[in-house]
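S.K.: Predicted structure and sequence below. I'll ask about it afterward.
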Amino acid sequence: MMHAEFVAAYAAGRIKVAVVPAAAAKYLSARLMLPFFVMPVLGAGIALALLGWIWSGLALIATGFIAPRLIKRSAPHFVLTQALQNAETYRELTQAGILYITPS
């Protein structure tokens, strides 16, 4: 199914779209390079805590742990939104088996 057909069928409600949550989270994590975000944030939080800014450091450490989990939790919705907007993303997701289309 071509992207234009997919968007039209989804808008009309003729198809059901299933997104594999674990695969979507892995795809989004790789796409956003979350590990490269987490490590510096955690390091900065630890540095702040060791320098005496305990509450600020702990808040930054908590942000480093919570933000990626929240992003991964919302990954299926984000992936579907991106697939509806971008033909290349739609192709990637269907070929990777992250996005499944079934008739309603």
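M.R.: Ah, there it is.
S.K.: what's around Ala23, how many residues?
M.R.: Using other Cβ atoms under 10 Å, Ala23 is surrounded by 17 other residues. Every C-beta, even on glycine, is put in place using the N, C-alpha and C of the backbone.
S.K.: From Ser56, how far off is the nearest residue to it once chain neighbours are set aside?
M.R.: Take Ala23 and drop its neighbours on the chain: the residue closest to it by Cβ to Cβ, 6 or more residues apart in numbering is Ile98, 4.5 Å away. According to Cβ to Cβ, to the nearest Å, Ile98 stands 38 Å off from Ser56.
S.K.: ok, now Ala67?
M.R.: Ala67 is 16 Å from Ser56, by Cβ to Cβ.
S.K.: In terms of neighbours, single out the busier of Ile98 and Ser56.
M.R.: Ile98 (24 against 14).
S.K.: you'd agree that one is up against Tyr27?
M.R.: Yes. Between Ile98 and Tyr27 there is a contact at 5.7 Å, judged by Cβ atoms under 8 Å.
S.K.: any residues in contact with both of these two?
M.R.: Val79 (Cβ atoms under 8 Å, 6 or more residues apart in numbering).
S.K.: ok so, going back, please report the distance of the residue nearest to Ala23 from Trp55.
M.R.: 39 Å.
S.K.: Please apply the same query to Val17.
M.R.: Counting by Cβ to Cβ - Val17 and Trp55 are separated by 43 Å.
S.K.: Same drill for the two, tell me which one is more crowded.
M.R.: Using other Cβ under 10 Å as the criterion, Val17 and Trp55 rank with Val17 on top: 18 against 9.
S.K.: quick one: contacts for the more buried one?
M.R.: Tyr10, Leu80, Ala83, Leu99, Tyr100, Ile101, Thr102.
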